Structures are given as C-alpha cells and as structure tokens.
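> Here is my input; please provide its structure:
(4 chains)
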Number of protein chains: 2
Amino acid sequence: MDSRSVRKHEAILEAATSVFLDKGYSGTSMDDIAKLAAVSKQTVYKHFSDKEKLFAEIVLATTERIDNLVDSVADVPADADDLEENLTRLAHRLLTTLTQPPVIQLRRLIIANADTFPELGATWYEQGFERVLVTLAVTFRRLTDQGLLKTDDPMLAAHHFAGLLLWIPVNQAMFRGNTRNTEADLDRYAAAGIRTFLAAYRSPGEAPSPVSRPPAPESGRR
Amino acid sequence: MDSRSVRKHEAILEAATSVFLDKGYSGTSMDDIAKLAAVSKQTVYKHFSDKEKLFAEIVLATTERIDNLVDSVADVPADADDLEENLTRLAHRLLTTLTQPPVIQLRRLIIANADTFPELGATWYEQGFERVLVTLAVTFRRLTDQGLLKTDDPMLAAHHFAGLLLWIPVNQAMFRGNTRNTEADLDRYAAAGIRTFLAAYRSPGEAPSPVSRPPAPESGRR
DNA sequence: TCGGAACTGGACGGTACAGTACCCAAACGA
DNA sequence: TCGTTTGGGTACTGTACCGTCCAGTTCCGA
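Sure, this is the predicted structure:
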C-alpha cells in the first residue's frame, strides 16, 4: 500500500521542510507548500490537521536525523601519539556538519519560533544539542580513563570544546546571511580550537605534540 | 523644541521596540504599535515611512547602545596577583549583560529576520558582536604586553574567551524560552570558563594561582 | 491671539492567507 | 460492467493587516 497516499504524504513533508527552512514559519503559506508538493491544499489538510502540526512534524523529523553526527562524535581512536590529530579530525567533522546551510537554517527556524513553539525549541535542545554534547562527554571520559585527557567534569569539557570550535562560525552564520565558510576557514577554526582545548585539558602525563606550539604551562596540574 | 512631535516620535520608537522584541516582526501589527504608543496610526506613518523602516530604526538604535559593554570589557586591571579574579569579574559582567532578557530577545529578533533584513544582521554583527570582541582583543594584547597572558593572536583568544563563556547560556536562552539563569549559574559558568581560558592562555612566566582550585561546577543542569 | 502644522479616529481598498464546503475522478469489489 | 468509497481539486469564507484618505481637533510658535 505504498501508493498515492503515502507518496503524497512524503511529497508534502519534503516540500514543507524545504519551504519552511527557506522562508520561515510565517513566511510560508500552505498554498506554497501545496504548490511545491504538486498537491492540492485540501490534500495537505487531509494529511496534517493544521499548519502548526505540520511545522512541528518536520522540525522533529529533522531532529531525529542526527544519529550520524552522534556516531561521528563518539568515534575517536584511543591513540596517544595522534591525539591532537584525531581530535582535530573530530573537530573538523563537527564543524563541517554544523555549518552546512540546512543545519544553520534549521537552527534559525527553531530560534525564530522559540516563542511560538516553546516545547519545540526545548525538545530540539535536548534531543539534538544536548545529545551530541553528552556523547562527546562520554568520549572525553573514555579518553580520560585512557590517560589521554584530564577532564574532571567531562560534560563541562564538552561544552568548552563546542564553544571553542563553534562560537565564531555559528554566530557568523546566524547573523550574516549564508556566508559560506571555506574549507580553509574551517581548518583554521578546528586547529586553533583544538590547540586551546588541549592546552587546558590534555593529561599532564602526556607530552604536548612537539610540532604545534610551545609547551603548555609547565605546572600543568593547576 | 522638545515638543509634541518629538515626544510622539520617541513614544513610537519605545512602543515599537517593546512590541517587536516581544512578538517578533511579523507578529506585530502597526496598529499594536500605535495603540501602545497612544498615538494614531497615521502619526506612526508620518514619522516612519513604513514597517520595515521602523524595524530597522529600532534595531540599529539598540545596537548603538552597547558602549557600556565595550567600556566594561576594556576595563581589566593589570594586576598580576589577581589576574584570575579580575578576568572572572570581567566574565561575570559579560555574562550578566548578555543573558539579560532584552539582549536575548534582540538576538532572537535579528536572527529570526536575518533573511528578510540581511544588512541588519550584518550591521549588528559588525557593530555589536565584533566590536566587543575587538575591544576584548585589545585588552588581551595589553595583558600580553604586560606579561600576564600569552596570546599570539589576541583576536582568536577573544573568540575563544567568548565561546568558552557564552556557548552554554546563550544557546540555552536561544532555544528554551526565557529560562532565567540564576546568579549562581552565571558564577559557575564564569569560573569554569576562566579556568579553562587561563590554562591555555596564561603566560608561562606566570605561576597559576596558588589556591587550589574550587570543586568543579556541576554542569548538567536539570 | 491667530494661522498653520501636527495629531486623531475611523473607515476603506487591496491583498494575503488559514481553513472549509462541495464537487469530481480514480480505484475497487461484486 | 456498475456502484460505492476514498481521496483530490476548485472555489469560497472569514479574518488580519498594511498603507491611505478624510474631516475634524489640538497644540505650538510668532
């Protein structure tokens, strides 16, 4: 029974996602969505009781699609020699994923309507934002157990990690339009963020990587 | 000649600011503004040619009001012994200022309409966001010259400073409604952020603060 | 005091849009 | 083949709102 009805249902979802991301909640009309989905408005209302429901649906649907990111964040080899390189790679993955236009658009969409749909913002924060951070924290705890990092509070370290990496590019993307960041920019952000992160969170037992930068404060124990 | 016309002009600006911050751009009608300003709609249109102009006006007006913050950020005593304490104080000022509801609301307002008013977002980013960071960078350069910090790239250090401090509370405020941060939360964020910042950016010549550091703040929330 | 500018209140044109009513066509069983 | 059911399309209703117009009133400055 994968017939018409189901196809239309998905066409509507897809169209709605596209238009909402592009024009915002109040900027898109149900007619727009129907037109893009090549479907009559009546059909839209047959499948989704009203505009708010449809909106919630597509936001939550995209929220559920972050498993890849979560997996990616969990995957850091416990390789002492290349800790900096491995973390930089992770940082780069995080940056490229989170600065992609659709992700930024979704972010804007949710923030813009956080007043009208408070539970949507909260849900996204918990299911999306915090979930990634928790996974990151777990990774850090593992690296700490393996003697590579020193994180008394892994969740805090995860927050700091994200803040160091994302504050600049994400804010830029929020305020200026879709100023695409170049690959080289992201490389710089990743390298600089990781350098600072490791200066603060590298385990005192581990020597800083020889190439990158004069050693961290000698009494690294703080 | 501070008479009627001027008074009305300001009443309109004030009312518009309040309503726009509260209900967003498309959520507020010109009638709402006129009503709150105790003014006829005609008068609103006498002073501001249309809704977009009025909106741009109030956003730029609030943007110009960040001089206090800039001054505050420039003001860090060059006192070696109390570097950590002084920076923490600065961090606390920054946090309390930037997490105040009106500031958060303005942020949301601009982000929400960054598509419709691209130049407004860009202007705010440059005049507001970046200006604070540049001032902070100047301060860091000074502290570096004085041998208290080691910042090869003060602007980058400023970005990291802001990211470490603001990523958590600002994102929370963006997504969840106006979940007011308590004073104690801000204290924790400030202390934890500064600890990490100093671990990475304290001048190697400077000994870390002798007092053993306070217990790690619990970061989970909820 | 007086002339003119600014303000008021309401009504109105035009438009956009959410949601609905009603009709038509395709699918499916007998 | 025919009739019933299910879903799709068109046209409509009602509302909200931007921006304008007008006739009458209030306030300011000279």
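
> Break down chain A into its helices, ranges please.
Per DSSP state H, chain A carries helices over the ranges A:4-23, A:30-37, A:41-47, A:51-63, A:67-74, A:83-98, A:101-112, A:118-124, A:131-145, A:154-175, A:183-201.

> Just the C-alphas of the first one, formatted as PDB.
The C-alpha coordinates for helix A:4-23 follow below in PDB (Å, rounded to 0.1, in the frame of the first residue of the first chain):
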ATOM      1  CA  ARG A   4      -0.500   7.500  -3.900                       C
ATOM      2  CA  SER A   5      -1.500   8.500  -0.400                       C
ATOM      3  CA  VAL A   6       1.900   7.600   1.000                       C
ATOM      4  CA  ARG A   7       3.800   9.200  -1.900                       C
ATOM      5  CA  LYS A   8       1.800  12.400  -1.500                       C
ATOM      6  CA  HIS A   9       2.400  12.400   2.300                       C
ATOM      7  CA  GLU A  10       6.100  12.300   1.700                       C
ATOM      8  CA  ALA A  11       6.000  14.900  -1.000                       C
ATOM      9  CA  ILE A  12       4.200  17.200   1.400                       C
ATOM     10  CA  LEU A  13       6.700  16.600   4.100                       C
ATOM     11  CA  GLU A  14       9.600  17.200   1.800                       C
ATOM     12  CA  ALA A  15       8.100  20.300   0.300                       C
ATOM     13  CA  ALA A  16       7.100  21.700   3.700                       C
ATOM     14  CA  THR A  17      10.700  21.200   5.000                       C
ATOM     15  CA  SER A  18      12.100  23.000   2.100                       C
ATOM     16  CA  VAL A  19       9.800  26.000   2.200                       C
ATOM     17  CA  PHE A  20       9.900  26.300   5.900                       C
ATOM     18  CA  LEU A  21      13.700  26.200   6.000                       C
ATOM     19  CA  ASP A  22      13.800  28.800   3.300                       C
ATOM     20  CA  LYS A  23      11.200  31.300   4.300                       C
END
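
> what sits up against it?
When contacts are defined by CB atoms under 8 Å, 6 or more residues apart in numbering or on different chains, helix A:4-23 is touched by residues A:28, A:32-34, A:36-39, A:43-44, A:47-48, A:54-55, A:57-58, A:61-62, A:102, A:105-106, A:109, B:115. Glycine gets a C-beta too; all of them are placed from N, C-alpha and C.

> related to what we said a few turns ago, of all the helices of chain A, which gets the most neighbours per residue?
Compared across the helices of chain A, helix A:154-175 shows the largest average neighbour count, a mean of 24 (mean count of other CB atoms under 10 Å in any protein chain shown).

> Can you tell me the closest non-neighbouring residue to A:Phe140?
Excluding its sequence neighbours, the residue lying closest to A:Phe140 (CB to CB, 6 or more residues apart in numbering or on different chains) is A:Pro154, at 4.2 Å.

> Wait, that neighbour touches A:Ala137, no?
Yes: with contact defined as CB atoms under 8 Å, A:Pro154 counts as touching A:Ala137 (4.0 Å).

> Close to DNA strand C: what parts of chain A are there?
Within reach of DNA strand C by CB under 7 Å from any atom of the strand, chain A has these residues: A:Ser3, A:Arg4, A:Thr28, A:Ser29, A:Met30, A:Asp31, A:Lys41, A:Gln42, A:Tyr45, A:Asp50, A:Lys51, A:Glu52.

> Ranking helices and strands of chain A by mean pLDDT, which lands last?
helix A:67-74 (a mean of 86; mean pLDDT, DSSP states H and E).

> Is chain B within reach of that helix?
No: with CB under 8 Å from any CB of the partner chain as the criterion, chain B is not reached by helix A:67-74; the gap is at least 15.8 Å.

> quick one on the thing from earlier: intersect the contacts of helix A:4-23 with the contacts of DNA strand D.
By CB under 7 Å from any atom of the strand, the members of the contacts of helix A:4-23 lying near DNA strand D are A:Val39, A:Thr43.

> which residues does A:Lys150 contact?
Here A:Lys150 is in contact with A:Thr144, A:Tyr201, A:Arg202, A:Ser203, A:Pro204 (criterion: CB under 8 Å, 6+ apart).

> pLDDT at the residue nearest to A:Phe140, what is it?
A:Pro154 carries a pLDDT score of 98 in this model.

> what does A:Asp32 give?
The predicted local confidence for A:Asp32 is 94.

> Kindly report the same for A:Ala200.
Per-residue confidence (pLDDT) for A:Ala200: 97.

> on that earlier part again, which one, of the helices of chain A, ends up nearest to B:Asp185?
Closest of those to B:Asp185 is helix A:154-175, at 12.7 Å (criterion: CB to CB).
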